[in-house]
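[1] Got a predicted structure plus its sequence, pasted below:
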Amino acid sequence: MPNRRSVLALGAVAGGMLATAKVSTEIVARWPGGANPRLSPAAAGALAAPPPFSVPLPIPRDLRPIATVAGVDIFRTDITPATVEILPAVRTRALTFGGQFVGPTIRARTGRPALVQFVNRLDMAANVHLHGGHVAAENDGFPTDVIDPGHSRWYTYPNSQPGATLWYHDHAHGMESEDVYRGLHGFYLLEDDAERGLQLPRGEFDVPILLRDAAFAADGSLDYASFERPFLLANGRPQPFFRVAARKYRLRLLNAGNTRVLRLTLGDGATMTQVGSDGGLLPAPVARTEIVLASAERQDVVVDFARFPLGSQVVLRDATAGPVLRFDVVRQAADPSRVPAVLRPLPPAPAATVTRDVTMSFDLTRQMPVGMLNGHVFDPNRVDFTVKRGSTEIWRIGNGDPPGFDHTFHMHMTHFRVLDRDGARPTADDAGLKDTIYVPAGARNVRVQATFPNHTGRYVYHCHFLEHSAAGMMGVIEIVP
Ligand code: C2O
Ligand code: CU
Ligand code: CU
């Protein structure tokens, strides 16, 4: 169940509507970005949008290891409140990793474990989940496994999976929605040797871009209860510009918005060459002109700015929010990078021995919306599925809500491949190894296949629209030997 603070936040959302029986339907229907994403700068609430493209795109700094011991990189950062600048010249109080609204980027290598100490300087419990990481249960940020205020905790990340664009965020029980909204999100970029050998764009030409929406109150604070989140931020700034060289860049696009689906296009339908998704590289590059990212999904694309004349301005646009980020092609540069025709084959998919069904829905009969999986509200003490370690399973995911209610599905500890959607082929956005997928209204049977290697213990799976997961749309698997 959501805890007191999140219920209060929802209560504020509900406002004076509590008298009607249909209230939870209305709340969900009007939830930020939920059933009907509304995002119009004109309706920007108390604070007006700055002129577009007036601030540069920040690149979150890398977290430097404080030590390397026996081949293990050791990192430390704080979970701390901080005053940050999101809107130009407006001070915003945020919850941050390392004092930055987009936390510091942790760079790790496959085969080289990392130990990260997180020091909780908040006045409330928090924790850390490495989204997409294959880690032991005690390091996964189970919702009730939190760091108390004033305490710290070491998380061990074995980095035994292939390179991938991962991210880390809070996962505290009932609070993940508000905490991530207030800024507890950052990148974790895992690279493997084979990937390095491919000569994809590297270094300053390999750019993580965290996209998320936000609303601001008149005093500049992040407004969590607002029905509309009119600002779409790129690395924590509204509609920034980014000066690029006329060469290839790898853009690692992450939708870190709580409850939002992004439909991204570049310029006038320019091609983005997709090379990776949630679990890392695709088998081969795919030419894309529109990318759909539901909450928590990632896609890595390579864009060759040499195709645009020097002086060009190339705008990344979202179908709902409009312009998101402008690339200004300002200089020539040598380009030793390439996009090979073969990237990384997917691992073999053993035959599945178990089939499970998961239906995602709200209990719309209650006054406050309650999220459910297979009719049950999340209970951290209840095991919903017991899974045998090493086994392969097919999960059939359905959206059990009426038209207008979208969901997403995320599984911890492993990646899966999408087999089909209601009998039809998966979408282009389902390609590769996935940990999160879009389950829009009407989707009844999205089949995914996963293998559960290595670890045992309890992990969660949930809708990654975090308002939904915090309201109970989450379940527990226990992996047993
Ligand atoms: Cu990014 Cu359990 O989630
Ligand atoms: Cu996760
Ligand atoms: Cu949902």
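    Right, received. Where do you want to start? Residues are numbered from 1 along each chain as shown. Ligands and ions are numbered 1, 2, ... in the order given.

[2] Run me through the strand neighbours of the helix or strand encompassing residue 395, direction for each.
    Assessed by DSSP states H and E, residue 395 sits inside strand 392-399. Strand pairing for strand 392-399, determined by DSSP bridges: strand 354-363 (parallel), strand 446-451 (antiparallel).

[3] So which other helices or strands are in contact with the next helix or strand after that strand?
    Later in the chain than strand 392-399, the nearest helix or strand by DSSP H and E is strand 407-411. Helices and strands touching strand 407-411, by 3 or more C-beta pairs under 8 Å, 6 or more residues apart in numbering; DSSP states H and E, are strand 354-363, strand 392-399, strand 436-439, strand 446-451, strand 457-462. Where C-beta positions appear, they are placed from N, C-alpha and C, glycine not excepted.

[4] Now do the strand holding residue 395: everything it contacts.
    With contact meaning C-beta atoms under 8 Å, 6 or more residues apart in numbering, strand 392-399 is reached by 349-361, 387, 405-407, 409, 411, 416, 419, 437, 439-452.

[5] are any of these buried, and which?
    For these, a burial check counting by 16 or more other C-beta atoms under 10 Å picks out 352, 358-361, 387, 405-407, 409, 411, 416, 419, 437, 439-440, 443, 446-452.

[6] thinking again about what came up before, quick one: is the strand holding residue 395 near ligand 3?
    No - with C-beta under 5 Å from the ion as the criterion, ligand 3 is not reached by strand 392-399; the gap is at least 8.2 Å.

[7] Any idea how far that strand is from the middle of the chain?
    21 Å (C-alpha atoms, centre = their mean, to the nearest Å).

[8] Please apply the same query to stretch 247-260.
    The answer for stretch 247-260 is 9 Å, by C-alpha atoms, centre = their mean.

[9] so where do the helices sit in the stretch 1-150 of the chain?
    4-14, 23-30 (DSSP state H, counting those that start in this stretch).

[10] Make TSV from the helices and strands packed on strand 407-411 and add distance to ligand 2 to it.
    Output for these, formatted as TSV (distance: least, C-beta to the ion, whole Å):
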stretch	distance to ligand 2
strand 354-363	16
strand 392-399	15
strand 436-439	8
strand 446-451	13
strand 457-462	8
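
[11] Okay, domains of the chain per the record?
    Listed domain ranges for the chain are 4-39, 67-196, 203-332, 354-480 (source: automatic domain parsing).

[12] Near ligand 1, which residues of this protein are found?
    Neighbours of ligand 1 within the chain, by C-beta under 6 Å from any ligand atom: 129, 131, 169, 171, 296, 410, 412, 460, 462, 464.

[13] In space, what's closest to the second one - neighbours in sequence excluded?
    Think residue 131. residue 167 (5.1 Å; C-beta to C-beta, 6 or more residues apart in numbering).

[14] Distance from the helix or strand encompassing the one you found to the middle of the chain?
    Following DSSP H and E, one finds residue 167 within strand 164-169. Mean-position distance between strand 164-169 and its chain equals 8 Å (C-alpha atoms, centre = their mean).

[15] now stretch 409-416
    With C-alpha atoms, centre = their mean, you get 12 Å for stretch 409-416.

[16] Any buried residues in stretch 62-70, and which?
    Those would be 63, 65, for stretch 62-70 by 16+ other C-beta under 10 Å.

[17] Over to stretch 142-158?
    Applying 16+ other C-beta under 10 Å to stretch 142-158 flags 142-143, 145-147, 153, 155, 157-158 as buried.

[18] tell me which of the residues you listed is nearest to ligand 3?
    Among the buried residues of stretch 142-158, residue 143 lies closest to ligand 3 (C-beta to the ion), at 16.0 Å.

[19] Now do the contacts for that closest one.
    127, 171-174, 176, 378, 380, 460, 474.

[20] so what pLDDT did the spatially closest residue to it that is not a sequence neighbour get?
    Leaving out its chain neighbours, the residue that sits closest to residue 143 by C-beta to C-beta, 6+ apart is residue 173, at 3.8 Å. As predicted, residue 173 sits at a pLDDT of 98.

[21] and what of the one 5 residues further on?
    On pLDDT, residue 178 comes in at 97.

[22] Equivalent analysis for the one 4 residues further on, please.
    pLDDT, residue 182: 98.

[23] Look up how far ligand 1 lies from residue 105.
    Distance, residue 105 to ligand 1, by C-beta to the nearest ligand atom, to the nearest Å: 17 Å.

[24] Quick one: neighbours of the residue lying closest to that residue once chain neighbours are set aside, just the number.
    Once flanking residues are discounted, residue 105 sits nearest to residue 187: 4.4 Å by C-beta to C-beta, 6+ apart. By other C-beta atoms under 10 Å, 25 other residues sit near residue 187.

[25] gap between residue 187 and ligand 2?
    14 Å (C-beta to the ion, to the nearest Å).

[26] bridging residues for that residue?
    residue 167.

[27] Distance-wise, check it relative to residue 248.
    20 Å (C-beta to C-beta, to the nearest Å).

[28] Stretch 370-379: end-to-end distance?
    12 Å (C-alpha to C-alpha, to the nearest Å).

[29] Run the contact check for it versus ligand 3.
    No - contact of stretch 370-379 with ligand 3 (C-beta under 5 Å from the ion) is absent, the minimum separation being 6.4 Å.

[30] how distant is that stretch from the center of its chain?
    For stretch 370-379, the distance to the chain centre is 22 Å (C-alpha atoms, centre = their mean).

[31] same question, stretch 91-98
    18 Å.

[32] Look up the pLDDT of the residue sitting nearest the centre point of the chain for me, please.
    Per C-alpha atoms, centre = their mean, the C-alpha nearest to the average position across the chain is that of residue 296, at 2.2 Å. Looking at residue 296, its pLDDT reads 98.

[33] How about the one 5 residues further on?
    Per-residue pLDDT puts residue 301 at 98.

[34] Then residue 8?
    30.

[35] Hmm, residue 356 is touching residue 385, no?
    Yes - using C-beta atoms under 8 Å, residue 356 is in contact with residue 385, at 6.1 Å.

[36] before we move on, back to that, tell me which of the strands paired with strand 392-399 sits nearest to ligand 3.
    strand 354-363 (5.6 Å).

[37] and after the closest one, which helix or strand comes next?
    Next along the chain after strand 354-363, with elements defined by DSSP H and E, is strand 370-373.

[38] give the contact list for the closest residue to ligand 2 within the chain.
    When scored by C-beta to the ion, the chain has residue 131 as its residue closest to ligand 2, at 3.8 Å. Neighbouring residues of residue 131 by C-beta under 8 Å, 6+ apart: 166-169, 296, 410, 435.

[39] now residue 158
    Contacts for residue 158 (C-beta under 8 Å, 6+ apart) come out as 113, 134-136.

[40] How confident was the prediction at it?
    Predicted confidence (pLDDT) for residue 158: 98.

[41] Please report the distance of it from residue 108.
    10 Å.

[42] try residue 371
    Applying C-beta to C-beta to residue 371 and residue 108 gives a distance of 32 Å.

[43] Equivalent analysis for residue 97, please.
    Taking C-beta to C-beta, one finds residue 97 at 15 Å from residue 108.
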